[in-house]
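1. Everything below, folded, please.
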Amino acid sequence: MNKKNKILLLISLILLCTSIYVNVVKKTIKPIVIKKHSFKRVVEDIQGNTVYDFRYDIECQGKNQEKPSCQINIYAINVREKETLLNTIRYYSPKGTGNLVFKTLKDTKFVRVEIKPTSNLQGSIKMMKAELIDLEREESRVIMVNYKYLSKLIEKYDVFNDISKIDKSKYTLFANSILPDKNYKNLENSNKESTYFDGQYPINLSDKILFLGSTIEQINKNKVKIKFRFKCIDKLNIDYVLWFHGGVIDTKTLERYEIKNWDHNLPIETTEWEIGKIYEHEKTITSNPGQYYLKFGFWRPAKSSEDGNEYRLFPNIILGWIQIK
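-> I've put the predicted structure just below:
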């Protein structure tokens, strides 16, 4: 085979592989189809006074060109759960990529994205993927994929039991583990914003606290008790609140939002914690039956801080999925 034929064969193989890849991607990425009811997604860990860009791939099958077929609304939610509309856009028969820029308010804690059909007669809305981009920090995160398929995957397992069969690249399960009090002097603080606790090693929070693990116990219907274990490794000059959130993927689990808020004060203020001492803390949570993705961290809100600044210890800790029965 001469050089020219080899080059032609190589080009043909590249084109063939590209065609196969595109076809596979088209088959595996399934859109969110919105028909009669609005699709809502609540996003946590939102910065106040920050400009964001909501970008998405959308297709609306509008039958009447004179009437909008869908509307996208962006709401800010503060700690008191007050909602404020930040921006909105209407579409007639879009097909392709769109975006909606908005600026959060000073006290914004969450953002709610709502994709709303304007009429049952205008056909369905298809949303392939959406992401939220922090334009100031140039950070992007995917906030919308077809959660129904993930929900079916989780239902195959009892999340209290067999972790070994789970593909952790798709989601993480509650480790349900308390680590012994060892000398963890060389444990480095993570520079990540959030870290998953897998039950093998403690997590160092800003060189102030070691998180030694959590256990969960279902105590009766709709109610579980979670035990936290911490070790103080340096003096704390701020009294932190334990923010504690449970996210869901099945929007029917919760009545209003996709995040359950269990933020609370600690029984012993962190400024009174003693270096080297172990602190165990229990929190009983009540919620509707379903799967919840648990995250927590140490936070001092600006409104309750003496100097008006917000303080956090990092990383935030992802406990993983639990099931409330």
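2. Now the helix or strand residue 142 falls within: average pLDDT?
-> Using DSSP states H and E, residue 142 falls within strand 139-144. On average, the pLDDT along strand 139-144 is 71.
3. Now do the contacts for residue 238.
-> 270-271, 300, 305, 311 (C-beta atoms under 8 Å, 6 or more residues apart in numbering). Yep, even glycine has a C-beta here, placed from its N, CA and C like the rest.
4. Secondary structure element holding it?
-> Counting by DSSP H and E, residue 238 is found in no helix or strand.
5. Number the residues from 217 up from this point.
-> Taking 217 as the first residue, the last one we looked at is residue 454.
6. so how far is residue 407 from it?
-> 20 Å (C-beta to C-beta, to the nearest Å).
7. re the thing from before, pLDDT for the contacts of residue 454 - can I get that in JSON lines?
-> Output for the contacts of residue 454, formatted as JSON lines (pLDDT from 0 to 100):
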{"residue": "486", "pLDDT": "97"}
{"residue": "487", "pLDDT": "97"}
{"residue": "516", "pLDDT": "93"}
{"residue": "521", "pLDDT": "83"}
{"residue": "527", "pLDDT": "94"}
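8. filter those to the buried ones?
-> 486, 516, 527 (16 or more other C-beta atoms under 10 Å).
9. Identify the residue spatially nearest to the second one, adjacent ones excluded.
-> Distances taken as C-beta to C-beta, 6 or more residues apart in numbering put residue 527 closest to residue 516, at 4.1 Å, once the chain neighbours are dropped.
10. where's that neighbour relative to residue 459, distance?
-> 12 Å.
11. same deal with residue 390?
-> In terms of C-beta to C-beta, residue 390 sits 18 Å off from residue 459.
12. next one: residue 258
-> Counting by C-beta to C-beta - residue 258 and residue 459 are separated by 15 Å.
13. And residue 416, by the same measure?
-> 24 Å.
14. How about residue 324?
-> Distance from residue 324 to residue 459, by C-beta to C-beta: 15 Å.
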